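Visitor: return atomic coordinates for the entry below.
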Amino acid sequence: MSGLSLPRWAGDAAVGLALALGGVTLAVLAWPIPRGSVGNPGPGFMPFVLGLALVLLGLACAVRAVREHDGAAVVLVNRKTAVCLATLLAAALTFIPVGFVPTVAVMLSVLFAVLGGQPWWRAILFGCGASLALDVVFDQLLGVGLPAGVWPF
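Guide: Below is the predicted model of the structure:
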């Protein structure tokens, strides 16, 4: 097994705790928003209830993982995972300044080649084509303004 690995139960418990932490965050952020009542809910009612549900489900997931405690190991990070995460981070950082079309074209090209196993020439062709098609659908047909960046159109 190549890459960083850990026991499956530890990963499941960590995910459960992360979900619970996200639920606490959501509930805390929703607290100052008027919640209303069950019969007449306000705008903060649903986010607060969802936050509480996330806390309960996350803790249940963590407890279940610790109780079942199997010895199986899972690979946490391997080459494909690292490339995917780095590509998504780079896309997030360049989306606004560089623009939608070039950012998505490069991101999809890398993901098609690395994750999809396509030859680079085909990955670049598909990445550019998909990026232009998405630009037409969102910007032209649906009227959703996408960041232009260096893209001249």
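Visitor: C-alpha from now on. contacts and neighbour counts both.
Guide: Noted.
Visitor: measure Leu19 to Gly36 for me?
Guide: The gap separating Leu19 from Gly36 is 26 Å, by CA to CA, to the nearest Å.
Visitor: mean confidence score for stretch 11-18?
Guide: In this model, stretch 11-18 carries a mean pLDDT of 88.
Visitor: what lies in contact with it?
Guide: Leu57, Gly58, Leu59, Ala60, Cys61, Ala62, Val63, Arg64, Ala65, Val66 (CA atoms under 8 Å, 6 or more residues apart in numbering).
Visitor: check which helix or strand the third one maps to.
Guide: With elements taken from DSSP states H and E, the one containing Leu59 is helix 45-68.
Visitor: which strands and helices sit next to that helix?
Guide: Where contact means 3 or more CA pairs under 8 Å, 6 or more residues apart in numbering; DSSP states H and E, helix 45-68 is packed against helix 8-30.
Visitor: what's the closest non-adjacent residue to the residue sitting nearest the centre point of the chain?
Guide: Nearest to the mean C-alpha position of the chain, by CA atoms, centre = their mean, lies Leu88 at 9.1 Å. Excluding its sequence neighbours, the residue lying closest to Leu88 (CA to CA, 6 or more residues apart in numbering) is Met107, at 7.2 Å.
Visitor: ok, now Leu108?
Guide: Gly127 (4.7 Å).
Visitor: wasn't that neighbour part of a helix?
Guide: Yes. Counting by DSSP: H, G, I helix; E, B strand; the rest coil, one finds Gly127 located in a helix.
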